[in-house]
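In: I would like to see how this sequence folds:
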Amino acid sequence: MGEAAAGQGVLRIELDAIVANWRDLGARHGAPCAGVVKADGYGLGAVPVARALLAAGCRTFFVAHLTEGFVLRAGLGAGPEIIVLNGFPPGADEQAGLMPVLNSLGDVAAHAAAGRAEGRPRPALLHLDTGMSRLGLDAAEQAALAADRSRLTGLDLRFVMTHLACADEPAHPLNAAQAARFAEAAARIAPGVPRSFANSSGLFLGPAYRSDLARPGCALYGINPTPGVANPMRQVVTLEVPVLQIREIAAGTTVGYGAGYTAHGRLRVATVAAGYADGYLRSLSGRSLALFQGRAVPLIGRISMDLTTFDATEFPEMRPGDRLMLVGGPGNTPDDIAARCGTIGYEVLTALGPRYLRAHVGGA
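Out: Just a heads-up that it's a prediction; the model follows:
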């Protein structure tokens, strides 16, 4: 762990908590779990997160983009499977040993032809769309493939997969519909091929959503996979940023852009070194808080690009150089912060910018 530069915030990532979450999810699933480390490990560092999971026994990792796959392969070396959800053309992995997800009949045709030409089946995953209407073979393509499975010649299908659209809403009827569609389509198209089904929230839907490989993402990083119910996951991150300046202002003085906040009495204003350029979302303006010595410090005024202001009137002991916890602690988890501005914890994590020192702790 390096030292923070003057004025730099520190994003602390507890790798042991990520590993513990992965193990808990695997125990719940009763079958292997991959590690989804796309978007640079949800903003927390894909390589250190994946190394900790690899040391704990994880052997399969999912990324979104080909470039993410290159970075992860360089960081992990040979051995673990790295699967690219968005797919890539045959040969584009430049011998990195990455595995594509096939999301259309065109993908199937291209990789199968390459496998036949090389005389060795190409490893891949086949994605069946059962209700997301994003990537994956749609119903018409599934029917065409089921009618002519010779199109798969030249492929070594490691898994057939689908993705749940409403797993965080257990009562939503689409969950059961997707389970039925997936079971039927996989049996017609790829009988005997292992299946990959549940995401983080899907792991909490019950036995019907178990498969040969689960793909937890957000839950690894402490995001609640069961909204509306107590979070079963360990918290992973804290973000502390330094106070740059403290000033006292009189009643009637405004704070920040647009004079969006007016002091109703004498205040101590603490300005910290973080803003929306650092992923501290502007939509939190006037509706969030930080923690100082475990107590809430209200956010006042608008969040600007590099700076945010807090009402430190109740903290006469606070001084420049002290640190406020913007993320983490009681009532201030990524999910708590997301609820204040109408978004989701995923966005809070993945928005956290590169100017913070990322301090990875544990995971040995």
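
In: what segments of the protein are helices?
Out: 15-29, 38-42, 46-56, 66-76, 105-118, 139-147, 173-189, 334-340, 345-351 (DSSP state H).

In: got the contact list for the residue nearest the centre of the chain?
Out: With distances taken as Cα atoms, centre = their mean, residue 42 lies nearest the centre of the chain, 3.5 Å away. Residue 42 is in contact with 217, 218, 220, 221, 346, 349, 350, counting by Cβ atoms under 8 Å, 6 or more residues apart in numbering. From N, CA and C alone the C-beta is placed, and that goes for glycine too.

In: mind telling me the two of those farthest from one another?
Out: 220 and 350 (13.3 Å; Cβ to Cβ).

In: more neighbours: the two, which one.
Out: Applying other Cβ atoms under 10 Å to residue 220 and residue 350 shows that residue 220 carries more neighbours, namely 30 against 19.

In: poorly predicted segments of the protein, please.
Out: 1, 364 (pLDDT under 70).

In: let's go with 80 and repeat that
Out: By pLDDT under 80, the weakly predicted segments of the chain are 1-2, 94, 364.

In: looking at it, which strand is longest?
Out: Longest strand of the chain, by residue count under DSSP state E: strand 237-249.

In: quick one: strands adjacent to that one?
Out: strand 10-14 (antiparallel), strand 267-272 (antiparallel), strand 323-327 (antiparallel) (DSSP bridges).

In: centre of the chain to that strand, how far?
Out: Offset of strand 237-249 from its chain centre (Cα atoms, centre = their mean, to the nearest Å): 27 Å.

In: list of residues touching that strand?
Out: 7-14, 44, 221-222, 255, 263, 266-274, 307, 312, 318-329, 334, 349, 352, 356.

In: okay, buried residues for that strand please.
Out: Applying a neighbour-count criterion of 16 or more other Cβ atoms under 10 Å, one finds 237, 238, 239, 240, 241, 242, 243, 244, 246, 249 buried in strand 237-249.

In: near the residue nearest to the third one when sequence neighbours are not counted, how many other residues are there?
Out: Nearest residue to residue 239, sequence neighbours excluded (Cβ to Cβ, 6 or more residues apart in numbering): residue 327, at 3.9 Å. Using other Cβ under 10 Å, the number of residues around residue 327 comes to 27.

In: what's next to stretch 175-188, contact-wise?
Out: 128, 130-131, 142, 146, 160, 162, 164-167, 169, 193, 195, 197, 202, 205, 208-209.

In: quick one: distance of that stretch to the chain centre.
Out: The answer for stretch 175-188 is 26 Å, by Cα atoms, centre = their mean.

In: how about stretch 338-351?
Out: That offset, for stretch 338-351, works out to 11 Å (Cα atoms, centre = their mean).

In: picking that back up, ok, which of the helices of the chain comes nearest residue 93?
Out: helix 66-76 (6.8 Å).

In: what angle do that closest one and helix 46-56 make?
Out: 50 degrees (axes from the mean of the first three to the mean of the last three Cα atoms, to 10 degrees).

In: may I see the buried residues of helix 66-76?
Out: Here helix 66-76 shows 66, 68, 69, 70, 71, 72, 73, 75, 76 as buried, counting by 16+ other Cβ under 10 Å.

In: how close does the fourth one sit to residue 115?
Out: It stands for residue 70. 22 Å (Cβ to Cβ, to the nearest Å).

In: distance of residue 72 from residue 214?
Out: In terms of Cβ to Cβ, residue 72 sits 19 Å off from residue 214.
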